[in-house]
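Enquirer: no sequence on hand, only this structure:
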């Protein structure tokens with residue numbers, strides 16, 4: 001099967017100092033081959049910078065924060081490294097951690113290394129050579145539900161996550177925290193945003209559950225085996241914490257486009273999610289299947305979906321703010337303000353699930 005080309009030459013302005021990095025690896029990685037360092041960049045993602053490192057037969061993935069100023073407590077590489085260190089033994093799709101460094105002289109920021117997994121990554125389309133009839137799309141839908149349920153079944157009290165988490169009051173902190181983040185990064189006045197922020201603050205439900213949550217669960221953060229019947233990788237654990245699993249479900253579904261979604265909602269990040277293809281289950285079916293497999297009450301999902309679209313809008317707004325302020329030159333972000341408006345408009349109505 002042809003594998004997707006998930007790496008590209010390093011983007012201009014995001015290069016690494018290969019001499020410093022090679023010296024660091026020589027000192028800190030056992031049995032590193034005596035060969036030159038090759039670096040490529042992963043093309044997906046709009047936040048942290050992620051690179052493939054290769055020295056002979058040795059491979060790893062390096063993650064560091066984005067260029068320019070970052071929001072307080074955001075892009076915490078040490079925290080993400082600790083999270084995957086705790087979760088990987090209990091949830092095999094998580095990558096194996098290798099090392100963390102806070103020496104900013106190496107790549108310009110704190111960073112960590114993790115294993116380089118191999119498999120099929122699905123974004124807005126299937127890779128060339130991959131057959132995906134409707135029954136495969138349905139199968140992938142069920143795999144996504146099952147792995148989310150499995151992640152939420154981890155007993156976090158038996159892991160080190162209990163020391164860096166505070167599940168009590170999670171929803172209140174999230175709602176007010178993301179409202180604050182959006183307001184700090186605001187570049188345009190949107191009446192829809194004001195309406196959504198007021199509604200969310202007044203309708204926070206009582207939190208019933210606390211589990212490990214990924215909080216950025218979507219297809220292009222996952223990797224599957226060649227037969228597309230098993231998830232073999234799940235990445236981008238930056239937002240992971242212990243919190244309300246229904247908030248995690250809502251975030252996952254905010255990326256789960258349907259054919260009847262507004263065009264800008266489907267194509268705001270460049271192209272529609274793969275889930276618009278025949279065979280993928282609807283958001284409503286995803287919710288019902290999750291409720292059935294997890295045993296959790298999903299009757300409040302309208303709130304969680306509304307919050308998820310607002311949270312996604314706030315994240316996109318933060319990225320657009322960095323572009324607007326000249327902190328990044330990546331032209332992919334130049335029209336993100338239109339996507340923010342579309343997300344705010346969508347979340348300002350009663351969300352159809």
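Expert: Received, thanks. Because the structure is a prediction, the values reported are computed rather than measured.

Enquirer: residues touching stretch 153-161, excluding its own?
Expert: When contacts are defined by C-beta atoms under 8 Å, 6 or more residues apart in numbering, stretch 153-161 is touched by residues 82-83, 85-87, 90-91, 162, 165, 210-212, 241-242, 294. C-beta coordinates here come from the backbone N, C-alpha and C atoms, glycine included.

Enquirer: how about stretch 115-129?
Expert: Contacts of stretch 115-129 (C-beta under 8 Å, 6+ apart): 1-4, 6, 44, 52, 59-61, 95-98, 130, 132, 140, 219-220, 222-226, 228, 232-233, 270-274.

Enquirer: list the buried residues of it.
Expert: Buried positions in stretch 115-129, judged by neighbour count with 16 or more other C-beta atoms under 10 Å: 115-117, 119-124, 126-127.

Enquirer: stretch 81-94 too?
Expert: Residues 81-88, 90-94 are the ones in stretch 81-94 that count as buried (16+ other C-beta under 10 Å).

Enquirer: okay if I get those as TSV plus pLDDT, secondary structure and distance to residue 302?
Expert: Formatted as TSV, those follow (pLDDT from 0 to 100; DSSP: H, G, I helix; E, B strand; the rest coil; distance: C-beta to C-beta, whole Å):
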residue	pLDDT	secondary structure	distance to residue 302
81	97	helix	36
82	95	helix	34
83	96	helix	29
84	97	helix	32
85	97	helix	36
86	97	helix	33
87	97	helix	30
88	97	coil	34
90	97	coil	32
91	98	coil	29
92	97	coil	33
93	98	coil	29
94	98	coil	31
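
Enquirer: quick one: low-confidence residue ranges for the stretch 201-350 of the chain.
Expert: Scanning the stretch 201-350 of the chain for pLDDT under 70 picks out 268-270, 349-350.

Enquirer: quick one: buried ones out of the contacts of stretch 115-129?
Expert: Buried subset of the contacts of stretch 115-129 (neighbour count, 16+ other C-beta under 10 Å): 4, 6, 52, 60-61, 95, 97-98, 130, 132, 140, 219-220, 222-224, 228, 233, 272-274.

Enquirer: next step: these restricted to helices.
Expert: Judged by DSSP state H, the buried ones among the contacts of stretch 115-129 include residue 140 as members of helices.

Enquirer: filter the buried ones among the contacts of stretch 115-129 down to the ones in strands?
Expert: With DSSP state E as the criterion, strands contain 52, 60-61, 97-98, 222-224, 233 from among those.

Enquirer: nearest to residue 305 among the residues you listed?
Expert: residue 222 (20.6 Å; C-beta to C-beta).

Enquirer: residues contacting the closest one?
Expert: Neighbour list for residue 222: 93, 121-122, 144, 147, 231, 233-235 [criterion: C-beta under 8 Å, 6+ apart].

Enquirer: residue 200 too?
Expert: Residues in contact with residue 200, defined by C-beta under 8 Å, 6+ apart, are 175, 179, 303, 306-307, 310.

Enquirer: picking up where we left off before, okay, the buried residues of stretch 81-94 in TSV with distance to residue 195 next?
Expert: Listed next are the buried residues of stretch 81-94 as TSV, based on distance: C-beta to C-beta, whole Å:
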residue	distance to residue 195
81	39
82	38
83	34
84	38
85	42
86	39
87	37
88	42
90	41
91	38
92	43
93	38
94	38
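
Enquirer: among the ones in strands among the buried ones among the contacts of stretch 115-129, which two are most distant?
Expert: Greatest spatial distance in those: 98 and 224, 22.9 Å, computed using C-beta to C-beta.

Enquirer: tell me how far the residue nearest the centre of the chain lies from residue 64.
Expert: Geometric centre of the chain, nearest residue: residue 216, 3.3 Å, by C-alpha atoms, centre = their mean. For residue 216, the distance to residue 64 (C-beta to C-beta, to the nearest Å) stands at 17 Å.

Enquirer: residue 253: which of the contacts of residue 222 is nearest?
Expert: For the contacts of residue 222, the nearest to residue 253 is residue 144 (10.3 Å; C-beta to C-beta).

Enquirer: how about the strands of this protein, start to end?
Expert: Counting by DSSP E, one finds strands in the chain at the ranges 7-8, 37-42, 49-55, 58-64, 97-101, 111-114, 211-213, 222-224, 231-234, 241-243.

Enquirer: nearest to residue 21 among the ones you listed would be which one?
Expert: Among the strands of the chain, the nearest to residue 21 by C-beta to C-beta is strand 37-42 (6.4 Å).

Enquirer: parallel or antiparallel, list what pairs with the closest one.
Expert: Under the criterion DSSP bridges, strand 37-42 sits next to strand 7-8 (antiparallel), strand 49-55 (antiparallel) in its sheet.

Enquirer: got the angle for the last one vs strand 58-64?
Expert: Read that as strand 49-55. 160 degrees (axes from the mean of the first three to the mean of the last three C-alpha atoms, to 10 degrees).

Enquirer: list of residues touching strand 49-55?
Expert: For strand 49-55, the external contacting residues (C-beta under 8 Å, 6+ apart) are 7, 10, 14, 16, 21-22, 25, 32-33, 35-42, 59-67, 113, 116.

Enquirer: what mean pLDDT does that strand have?
Expert: The average pLDDT within strand 49-55 is 96.

Enquirer: ditto for the first one
Expert: Model confidence over strand 7-8, given as mean pLDDT, is 87.

Enquirer: name the surrounding residues that touch that strand.
Expert: Applying C-beta under 8 Å, 6+ apart, the contact partners of strand 7-8 are 40-43, 52.

Enquirer: domains of this protein?
Expert: Per the record, the chain has its domains at 7-114, 134-348, by automatic domain parsing.
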